[in-house]
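Colleague: Here's a sequence, model it:
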Amino acid sequence: VKSNRAALGAVVTLEQGNDKREQEVRSGGGYISQSDLRLHFGLAKSTRAEKVVIRWPSGLVEMLSDLRANQYYVVREGGGIDQSKTHGVSAVRIHVPGANAKIALPTHAN
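Modeller: As a prediction, this is how the structure comes out:
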């Protein structure tokens, strides 16, 4: 890759219909701290992201389209999505009936 390995400074734009939302990959957040480098875009009830444009610090611009919702994607500069690192979200669900919160974890059969 030409840009830094963590993609710091990359600007990602989600285009969904007439709506455009933009986020930048940033590091840190305070004294001796580290922020999550992943970017999260909420899609509401949409099942797919229509168009995602990545502007890398090197100046390269990549466009991805028709991405399934509820997935984590790893994108390599100039190489697109790394399918081996793409995965769904956690199966952990939190149920809040009234004021009593319960955490439901997935069970696995042996």
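Colleague: I figured Lys51 hits Met63, correct?
Modeller: Yes: using CB atoms under 8 Å, Lys51 makes contact with Met63 at a distance of 6.6 Å. To be clear about C-beta, it is placed using only N, CA and C from the backbone, and glycine gets the same treatment.
Colleague: When these two are compared, which one has more neighbours?
Modeller: Lys51 (15 against 11; other CB atoms under 10 Å).
Colleague: Now that one: which helix or strand?
Modeller: Per DSSP states H and E, Lys51 falls inside strand 48-55.
Colleague: Now the element after that strand, going C-ward?
Modeller: Counting by DSSP H and E, the next helix or strand C-terminal to strand 48-55 is strand 61-68.
Colleague: Quick one: list the elements packing against that next one.
Modeller: Packing partners of strand 61-68 (3 or more CB pairs under 8 Å, 6 or more residues apart in numbering; DSSP states H and E): strand 48-55, strand 80-81.
Colleague: quick one: strands adjacent to the longest one?
Modeller: Here strand 48-55 is paired, per DSSP bridges, with strand 11-16 (antiparallel), strand 61-68 (antiparallel).
Colleague: between those strands, which one is nearest to Arg76?
Modeller: Taking CB to CB, strand 61-68 is the member of the strands paired with strand 48-55 nearest to Arg76, at 9.5 Å.
Colleague: Tell me the buried residues in stretch 21-32?
Modeller: Neighbour counts over stretch 21-32 (16 or more other CB atoms under 10 Å) mark Val25 as buried.
Colleague: just checking, which of the helices and strands packed on strand 61-68 sits deepest inside the structure?
Modeller: Among the helices and strands packed on strand 61-68, strand 48-55 has the highest mean neighbour count (mean count of other CB atoms under 10 Å), at a mean of 16.
Colleague: where do the helices sit along the protein?
Modeller: Per DSSP state H, the chain carries no helices over any range.
Colleague: Quick check: which ranges of it have low pLDDT?
Modeller: By pLDDT under 70, the weakly predicted segments of the chain are 1, 29, 91-110.
Colleague: Which residue ranges of it form strands?
Modeller: Assigned by DSSP state E, the strands in the chain fall at 11-16, 19-24, 48-55, 61-68, 71-72, 75-76, 80-81, 87-88, 93-95, 102-104.
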